[in-house]
Structure formats: structure tokens, C-alpha cells
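Trainee: predicted coordinates and the sequence they were generated for:
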Amino acid sequence: MHRAVEIERGMFLLDYCDRAKALGSTDGLADVLREVVLDQYAIRGIDLGKING
């Protein structure tokens with residue numbers, strides 16, 4: 001997969017995790033999923049945390 005597409009998909013996933021938290025997700029699942037996404041992309045050498053800010 002092209003690296004730009006991977007980054008775009010990762011940012012899309014992070015956005016949905018952030019939206020879930022903003023809408024009142026209080027069970028911690030959104031935070032866990034966000035960390036999983038960041039970890040999986042870090043394995044591929046993509047630091048979404050730096051890109052996302």
C-alpha cells in the first residue's frame with residue numbers, strides 16, 4: 001500500500017477514536033483503540049502521533 005494512503009487511513013481511524021471520546025465514550029475503549037492504532041502504525045515506521053499533533 002502506498003505510504004500516503006496508509007497515513008490517511010491511520011488519521012481517519014484516529015479521528016474516529018477522538019470523535020467517540022468527544023461524544024461521551026467514558027469506558028476507555030476509545031483511548032485503548034487510539035493507542036492500538038498508534039502502535040500498529042509505529043510498527044510500520046509511521047509516527048501518527050507526530051503527524052496528528
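Mentor: Cool, the structure landed.
Trainee: and the gap between the residue nearest the centre of the chain and Y41?
Mentor: For the chain, L14 is the residue whose C-alpha lies nearest the centre (Cα atoms, centre = their mean; 3.0 Å). Distance of L14 to Y41, given as Cβ to Cβ, to the nearest Å: 9 Å. Placement of C-beta: from N, CA and C, glycine included.
Trainee: between these two, which contacts overlap?
Mentor: The contact sets of L14 and Y41 overlap at L48 (Cβ atoms under 8 Å, 6 or more residues apart in numbering).
Trainee: right, and G49 touches E35 too?
Mentor: No - with contact defined as Cβ atoms under 8 Å, G49 does not count as touching E35 (10.1 Å).
Trainee: if I pick L13, what's in contact with it?
Mentor: 33, 37.
Trainee: what does the model give it for pLDDT?
Mentor: At L13, the model reports a pLDDT of 92.
Trainee: so how far is the helix or strand in which it is found off the chain centroid?
Mentor: Here L13 sits within helix 3-22, counting by DSSP states H and E. The chain centroid and the centroid of helix 3-22 are separated by 5 Å under Cα atoms, centre = their mean, to the nearest Å.
Trainee: alpha carbons only: can I get that helix in CSV?
Mentor: Output of helix 3-22 as CSV, limited to C-alpha atoms (Å, rounded to 0.1, in the frame of the first residue of the first chain):
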residue,chain,number,x,y,z
ARG,A,3,2.6,5.2,2.3
ALA,A,4,0.4,8.3,1.9
VAL,A,5,-2.7,6.1,1.8
GLU,A,6,-1.6,4.3,5.0
ILE,A,7,-1.1,7.7,6.7
GLU,A,8,-4.5,8.8,5.5
ARG,A,9,-6.2,5.7,6.8
GLY,A,10,-4.4,6.0,10.1
MET,A,11,-5.5,9.6,10.5
PHE,A,12,-9.1,8.6,9.7
LEU,A,13,-9.0,5.9,12.4
LEU,A,14,-7.6,8.4,15.0
ASP,A,15,-10.3,10.9,14.0
TYR,A,16,-13.0,8.4,14.7
CYS,A,17,-11.4,7.5,18.1
ASP,A,18,-11.3,11.2,19.0
ARG,A,19,-14.9,11.7,17.9
ALA,A,20,-16.1,8.8,20.0
LYS,A,21,-14.4,10.3,23.1
ALA,A,22,-15.9,13.7,22.3
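Trainee: much appreciated, bye for now.
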